[in-house]
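> Sharing a sequence plus its predicted fold:
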Amino acid sequence: MFKIFKPKTDKIKDLSILYPKVIEELETILAGRTNIYIDFSNVIFWQNKINWHIDIKRLKQFLNSFETVEKIYIYYGKLKGDDYSEKLIKKLEGYSYEVRSKPVKIMPLSIDVSSIKINSPFLLENFIKKSLLSKLNLEDIEYLNGKLKKLNDQGIKFLEQRKCNFDVEMGIDITIDSMSDIDNFILWTEDSDFEGPVRSIIEKGKKATLFMTARRVSSELSQTGVRKFEIKKIKEFICWNKELD
């Protein structure tokens, strides 16, 4: 029935019978030698929006059920001393993903308002975009600074910002692979920073597809002509078993 889809498990086989149109669509998308690039921090963010969770083992089994898929890269930061992130990376390696990891940077952000005027936007600029901040009046700024003052009174003068961006690593992998015989690039991201790599892939006569949620893709990415695939279509294949309808 299917051309390149060879289910890795009986469960996937049974689901493919129930949802043949999804498999047929993916066979079109995944035609040709394919590499997949998953920004897992994006996936974690998506889960809060779509109200279900992606099972990394089922995801790997499902993607590898398409014979054209060669490598599945996954990018995720390791938070030192955090049991969850360290165990997750070991699991990803155990499932034979191409894991790209590096330490998460923890950056302290001051919320100490003791040295600024109550109507000063100085600290708020670290947390609110200037386009929005410019719309706030003095009363709004005084109110928000007052909230920060209450946190200061509780002994909280710094917030932790975690940073671990894989745009560079992901871009390098895509660029290197685009010079090989890989025909097809699947990016699990909605980040506008990938406009350049996506445009380069398409200009080389190769295919690029974004696996994404219903959120509107940035205009920069949309203008490249990249194909889009809504991951909700494959929920039954990749979500936690207990979250199946």
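Cool, got the structure. Numbering: from 1, shown residues only.
> Now the element after the lowest-mean-pLDDT helix or strand in the chain, going C-ward?
Every helix and strand in the chain was compared by mean pLDDT, DSSP states H and E; the lowest is helix 219-222, with a mean of 73. Downstream of helix 219-222, the next assigned helix or strand under DSSP states H and E is strand 227-230.
> Which of the residues in that following strand are classified as buried?
Buried residues in strand 227-230, defined by neighbour count with 16 or more other CB atoms under 10 Å: residue 229. Heads up, the C-betas are built off the backbone N, CA and C, glycines and all.
> Can you tell me the strand partners of it and which way each runs?
Take DSSP bridges as the rule and strand 227-230 pairs in its sheet with strand 207-212 (parallel).
> so where is this protein shaky, pLDDT-wise?
Within the chain, the segments meeting pLDDT under 70 span 214-217, 245.
> How about residue 192: what's its closest non-neighbour residue?
Spatially, and ignoring its direct neighbours in sequence, residue 192 is nearest to residue 218 (3.6 Å; CB to CB, 6 or more residues apart in numbering).
> wait, what's in contact with that neighbour?
Listed by CB atoms under 8 Å, 6 or more residues apart in numbering, the contact set of residue 218 reads 190-192, 195.
> Narrow these to those in helices?
Mapping the contacts of residue 218 onto helices (DSSP state H) picks out residue 195.
> domains of this structure?
Annotated domains of the chain cover 10-72+180-243, 105-162 [automatic domain parsing].
> before we move on, the earlier item: of the contacts of residue 218, select the buried ones using a ChimeraX command.
Buried subset of the contacts of residue 218, written as a ChimeraX selection, criterion 16+ other CB under 10 Å:
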select :190,191,195
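> buried sites along stretch 144-158?
Buried, per 16+ other CB under 10 Å, within stretch 144-158: 144-145, 148.
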